[in-house]
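Visitor: sequence plus the predicted model coming up.
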Amino acid sequence: MSQKNTNKIFNQLFLLENLTTNTTLDKFSTGKIYSLNPTGAMVITLPDPVAGWNARFVVETTASQITLSGSSNIVGLIFGTDGGAGSSQTLNGFGAGADEVRTVPLSSFLSDNLEIVSTDSAFVVMGRASSSAGLEFA
């Protein structure tokens, strides 16, 4: 009796999209991994916050500044694996969140990445960078 490959049922590929130029995402751009590989400076405009919207962004170049731009409610943490202080941005009664997260040319590294999940009013960012200076809130 031959055995069927049941992995086809449970194995799911991630949706990967390569971005090389300025891009505006919408609420239907959720659930993807975006590979960021511009030849020059690039701006990615996030949609208005929608509860549950999510995406992962992976840096594929170190020479260009890449900016993720949205409403003024981008909050979260960026951890540097070099032992540096990293970066954080909070949203509380004392101030608003940032309106951008960006790479720092020549301080960011290949595979630095950001995961973003949206509530109905803010984007929550969890970033991992090889250098604490490679990704920053602005």
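Guide: Looks like it came in fine.
Visitor: got the buried residues for the helix or strand hosting residue 68?
Guide: Residue 68 belongs to strand 66-80 when assigned by DSSP states H and E. Of the residues in strand 66-80, 66, 67, 68, 69, 70, 73, 74, 75, 76, 78, 79, 80 count as buried by neighbour count, 16 or more other C-beta atoms under 10 Å. C-beta coordinates here come from the backbone N, C-alpha and C atoms, glycine included.
Visitor: what two of these have the greatest distance between them?
Guide: 73 and 80 (23.5 Å; C-beta to C-beta).
Visitor: mind checking how far the closest residue to residue 118 other than its chain neighbours is from residue 123?
Guide: Counting by C-beta to C-beta, 6 or more residues apart in numbering, residue 53 is the residue found nearest to residue 118 once chain neighbours are left out, at 3.9 Å. For residue 53, the distance to residue 123 equals 8 Å [C-beta to C-beta, to the nearest Å].
Visitor: again with residue 100
Guide: Here the distance between residue 100 and residue 123 works out to 11 Å (C-beta to C-beta).
Visitor: what about these two, which has more around it?
Guide: Between residue 100 and residue 123, residue 123 has the larger neighbour count (other C-beta atoms under 10 Å), namely 28 against 16.
Visitor: could you list the low-pLDDT ranges of this structure?
Guide: Where the chain drops to pLDDT under 70, the residues are 1-11, 72, 83-97.
Visitor: now do 90
Guide: Along the chain, the parts satisfying pLDDT under 90 run over 1-15, 39-40, 60-65, 70-113, 119-138.
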